[in-house]
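Enquirer: Need a 3D model of the following:
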Amino acid sequence: MGRRTNGDLEESKPPSLEQLDKLREFAGIAHGAPAAESLATLAFLYLYLAISAKYGEVPSMDIVVWSELPTGAGLGSSAAYSVCLAAALLTACGAIGCPLEEGKPTARWTEKELDLINCWAFQGERVIHGNPSGVDNAVGTWGGALQYQSGKITPLKRVPTLRILLTNTKVPRSTKILVAGVKDKLLKFPAIMNPVLDSIDAISHECECVLETMAVNPSLEHYPVLEDLPLRDHRSLLVEFLTSV
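Expert: Presented below is the predicted three-dimensional model:
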């Protein structure tokens, strides 16, 4: 089943700079305050007020947020935060049901409810990142592996179980700045950037084919290919980086 595209999500009016400035003033967020904490506060306030206005007042509650994901590390911590906030607020105001039954450790919302959670999580990501792709909140909502191309997000149904090592470099980065940088370089150097993006696209499709093959007929010969493809992708990203130096 296809998922909501970014084009569909654009039908939801994004938060305006004026709204965010008013929320900053309301929350007493001073200039120079820690960016991660300030943006998290703004995302919460925006989602709380917007969801209340659309679906009915959210009842009084205590909200506690904790995470094992480091912020600013490229691991989608802001998307996980936005998805959890959206799901909790939509459940609290009755826009979606509460599927968790007593005595059961896990539950699953319907596809329609997940779609609504993803839509509002995307709004939270807009507050934090400005113009995100929608990939991170989609993965956070549905889980698994997803394909993103030309604004369309679809799940990969046949993906093998892999053990992946993630290393936190502790080098902070801003998705908002990185996305803006890519757009700027594409406009300045189209002859250089378009082939780079085509190469990344081809690598992604090849990786998808290998993963689908592994899910059906796993073989040790596939692992060296999976090791090589990310390296080629990183080389392409390095070329992209060098064009801005």
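
Enquirer: The helix or strand hosting Asp201 packs against which elements?
Expert: Using DSSP states H and E, Asp201 sits within helix 190-216. Counting contacts by 3 or more CB pairs under 8 Å, 6 or more residues apart in numbering; DSSP states H and E, helix 190-216 packs against strand 146-149, helix 175-188, helix 222-242. C-beta here means a position set from N, CA and C on the backbone, and glycine is covered the same way.

Enquirer: Mind listing what's buried along that helix?
Expert: By neighbour count with 16 or more other CB atoms under 10 Å, helix 190-216 contains the buried residues 193, 196, 199-200, 203, 207, 210-211, 214.

Enquirer: how close does the nearest residue in space to Arg126 that is not next to it in sequence sit to Arg173?
Expert: Nearest residue to Arg126, sequence neighbours excluded (CB to CB, 6 or more residues apart in numbering): Pro14, at 5.0 Å. Using CB to CB, to the nearest Å, Pro14 is found at 23 Å from Arg173.

Enquirer: quick one: low-confidence parts of the chain?
Expert: Along the chain, segments meeting pLDDT under 70 span 1-12, 31-34, 175-176, 231-245.

Enquirer: center of it, which residue is that?
Expert: Asp136 (1.6 Å; CA atoms, centre = their mean).

Enquirer: Touching, it and Ala79? I think so.
Expert: Yes - counting by CB atoms under 8 Å, Asp136 touches Ala79, with 3.4 Å between them.

Enquirer: could you pull out the strands for this structure?
Expert: 146-149, 152-155 (DSSP state E).

Enquirer: Adjacent strands (with direction) for the last one?
Expert: According to DSSP bridges, strand 152-155 has the following sheet partners: strand 146-149 (antiparallel).

Enquirer: in the strand it pairs with, what's buried?
Expert: Neighbour-count burial for strand 146-149 [16+ other CB under 10 Å]: 146, 148.

Enquirer: Identify all contacting residues around it.
Expert: Here strand 146-149 makes contact (CB atoms under 8 Å, 6 or more residues apart in numbering) with 3, 133-135, 138-139, 153-156, 201, 204, 208.

Enquirer: Can you say which of these are buried?
Expert: Buried among the contacts of strand 146-149 (16+ other CB under 10 Å): 3, 133-135, 138-139, 153, 155.

Enquirer: what two of those residues have the greatest distance between them?
Expert: Farthest apart among those by CB to CB are Ser133 and Pro155. That separation is 15.7 Å.

Enquirer: still on that earlier bit, with distance to Tyr223 as added columns, please give the buried residues of helix 190-216 in TSV.
Expert: Listed next are these as TSV, based on distance: CB to CB, whole Å:
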residue	distance to Tyr223
Met193	31
Val196	26
Ser199	22
Ile200	21
Ile203	16
Cys207	12
Val210	10
Leu211	12
Met214	9
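
Enquirer: can you tell me which of those lies nearest to Ala107?
Expert: Ranked by distance to Ala107 (CB to CB), the buried residues of helix 190-216 are led by Leu211 at 28.1 Å.
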